[in-house]
Structures are given as C-alpha cells and as structure tokens.
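Asker: no sequence on hand, only this structure:
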C-alpha cells in the first residue's frame, strides 16, 4: 500500500462523512451522528488495534514493521492483548453510538465524547513524540515517520467522530423536547 492509495481511501470516507452531515436534517441528526461516530471508530480501529494485531502476528519477512519474531513471547502476547482490547473497545463504542446516540441519550453521548478526548490525546502524543505517520514534524518522531504514511485515515477518523458528536449533541436541559416513551420514568412498583 502507498500514500496515494491511503489518501484516496481517506478522501472517500471524507465524502461519505460529508454526505451524512449534509443529510442529517433529513435522516435525523442522532442517526447521522451515530453513523459518523461509527465511521470514525472504524477508520481508527483499522489503523490502531487491527494494525497492531497484524504486526504482532507477522514477522519482518511478511511486513517490514512486523514484530512477531523480533520480540519475546511475553511482549508479543501483550501486543496481541492490546490489539484485542482495543478492537473490543471500538466495537463497544460503535454499539453505544448505534443504540444510545441514535436515541439521543445524553449519557451515551458523554461516554463517546470522553473516549474521543482520550483518542485525540493519545494520537497527538504518539504522533508528535514517537512516529509522525508521514507528517513533517521536527524531532525523532518526524525522523521516524519521514516518507511514511498513515496520518490520513487517522485524521479522517477523528474528524468524522468529532462531526458525529457535534451533529448528535444533545439539547440543553432547557431546550429538550418532551421525553420519548422509552425515556419515561418507570411506574411505581407497589411494595411487597
């Protein structure tokens, strides 16, 4: 894979995200926001936990960055564990987006917003301090990432997730419409 292919892939997802933002009023802002979050998580999951899984499974003969035969079994096991936990977290966050955000639940939106903040901080730290993913940054991270690629899907993933949070932002308490039937309080249960 090369930088041009990755750029075209990322631009295709920008187009899909733009269509969702543009049609949010028509299809519903919660539905559009949920799918924008899912697109963002999908792109980030491919670039982070799924790529980590691949690199932990293959050696340098299969991928120049493969680490299967270069690290101890303990380090490899931890890389596989981290990939599995990261993938599971992405699936869980997608499920939250497709259920709670689509219903306009404020608590679910808040969980996704905090997860987004963590993702932004981690990506910014690793990109500036460890590996620039092809961005022309000064220092060791820029040297390590020079001539490489990978920033495009990360940028589109974070942008899509952010757009989803903005589009599906719950109304303030004073602006909220009456609660839907599924948000109604439970009927009182008579004491036993």
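Answerer: Thanks, I have the structure now. This structure is a prediction, so every number in the text was calculated from the model and none was measured. Residues are numbered from 1 along each chain as shown.

Asker: so where's the protein shaky on pLDDT?
Answerer: 1, 172-192 (pLDDT under 70).

Asker: quick one: the helices in it?
Answerer: 3-22, 24-27, 29-47, 49-57, 73-96, 106-129, 139-145, 151-167 (DSSP state H).

Asker: residue nearest the middle of the protein, spatially speaking?
Answerer: The centroid of the chain falls nearest to residue 41 when counting by CA atoms, centre = their mean (2.7 Å).

Asker: and the residue nearest to residue 128 when sequence neighbours are not counted, what is it in contact with?
Answerer: In this structure, residue 128 finds its nearest non-sequential neighbour in residue 141, 5.7 Å apart by CB to CB, 6 or more residues apart in numbering. For glycine as for every other residue, the C-beta is placed from the backbone atoms N, C-alpha and C. Contact analysis of residue 141 by CB atoms under 8 Å, 6 or more residues apart in numbering lists 127, 128, 129, 130, 131, 132.

Asker: so which of the helices of the chain comes closest to residue 63?
Answerer: Checking the helices of the chain against residue 63 by CB to CB gives helix 49-57 as the closest, at 6.5 Å.

Asker: check which helices and strands that closest one is in contact with.
Answerer: Judged by 3 or more CB pairs under 8 Å, 6 or more residues apart in numbering; DSSP states H and E, the packing partners of helix 49-57 are helix 73-96.

Asker: check which residues of the helix it packs on are buried.
Answerer: Across helix 73-96, burial judged by 16 or more other CB atoms under 10 Å covers 76, 79, 83, 86, 87, 90, 93, 94, 96.
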